[in-house]
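Novice: After the sequence you'll find the predicted model.
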Amino acid sequence: MLKPLGMTLALMLLFFPAVRGQTPESGAPAMAPAPQMETLFESTELTHGGYATFHSALTWVNGDLKSLSGVRGGWLINHTLFLGLGGQSVVTDFQGNTLAQNQQKTLGFGYGGLVVEWIPHWERSWHSVFTLLLGSGGVSTTYQETCSGNHCTYALSESDRVDVLELSVRLDLNVLRSLRIGLGAGYRHVAGLSFPYLAPDSLNGGKVEMLLTLGKF
C-alpha cells in the first residue's frame, strides 16, 4: 500500500513545478486586468478646449423686431460639453408705450449669464448645437432732457432687473479646425419685469441668429 502512495506523491512533485512555471506563451490563459473606474475629469481620454462665439440676432422685443448682438466664451470638455458665460444686448433702440408714459422714452435691454451647450456629432462637418442660457438682465428707459443746437442730453428715468431663461438650437458648419459658422433659432423667457408701461411678457420673444465661433474644438 505504501508503494502506490509513494508513486502518487512523486508524480505530484514532478507535475507541480511544470504547472507553476507555465506562462501565457505556453498556452495557459492570461489573467484579465482589473476593470478601471471611468470618471469625467480623470479619464485618460479626456480632452479640453474652448471657444468664443460672436453672434447677431433678430428678435421680437416689446412687439417690435429688433437686433441683438453678443458674445460668449468658455471651456469645452471632450468636444461635446461647453460651460461658459455670455451676454447680449439690443443694438437698436425701441420705444415703450408712449400713451401710458405720456412722453417719448427710449428703452434699452441687455442680459447674460451661465451658458451650457451640448454638441453631439461634433466631428461631422454639419452638426447641431443645443444651448441653454440662464442668467439675469436689466431694462432701462432714458428720455431727452435738454437740447442745445445739435447736442442733446439724456437722463436715466427708470430701470429694473429681470431674470432670463433662453433656449436655442443651431446648425454649425466646421469651416476650419478652429472656425465654425452657424445659423440658429431660439426663445427667450423674461421673468420679474415690473414697469408701469410695459406688459410683464413684453420682453419675451423668439429669435433667429447668425454665429461665428473661434477656438480649439
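Specialist: Received the coordinates, thanks.

Novice: What is the longest strand of this structure by residue count?
Specialist: Assignment by DSSP state E gives strand 151-176 as the longest strand of the chain.

Novice: Where does pLDDT dip in the chain?
Specialist: Scanning the chain for pLDDT under 70 picks out 1-44, 95-105, 143-147, 149-157.

Novice: got the angle between the one helix or strand residue 138 maps to and strand 151-176?
Specialist: Taking DSSP states H and E as the definition, residue 138 sits inside strand 126-148. Computed by axes from the mean of the first three to the mean of the last three C-alpha atoms, to 10 degrees, the angle separating strand 126-148 from strand 151-176 equals 170 degrees.

Novice: Flag every buried residue along strand 126-148.
Specialist: 127-129, 131, 133, 135, 137, 139-142 (16 or more other C-beta atoms under 10 Å). Where you see a C-beta, it was placed from the backbone N, CA and C, and this is true even at glycine.

Novice: What helices and strands are in contact with the longest strand of the chain?
Specialist: Using 3 or more C-beta pairs under 8 Å, 6 or more residues apart in numbering; DSSP states H and E, the elements in contact with strand 151-176 are strand 106-118, strand 126-148, strand 179-191, strand 205-216.

Novice: In a markdown table, list these along with distance to residue 168.
Specialist: As requested, the helices and strands packed on strand 151-176 are exported to a markdown table (distance: least, C-beta to C-beta, whole Å):
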| stretch | distance to residue 168 |
| --- | --- |
| strand 106-118 | 9 |
| strand 126-148 | 5 |
| strand 179-191 | 3 |
| strand 205-216 | 7 |
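
Novice: between those, which gets nearest to residue 55?
Specialist: When these are compared by C-beta to C-beta, strand 205-216 sits nearest residue 55, at 4.3 Å.

Novice: Can you list the strands that the closest one pairs with?
Specialist: strand 48-61 (antiparallel), strand 179-191 (antiparallel) (DSSP bridges).

Novice: Make TSV out of those and add mean neighbour count and distance to residue 213.
Specialist: As requested, the strands paired with strand 205-216 are exported to TSV (neighbours: other C-beta atoms under 10 Å; distance: least, C-beta to C-beta, whole Å):
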stretch	mean neighbour count	distance to residue 213
strand 48-61	18	4
strand 179-191	17	4
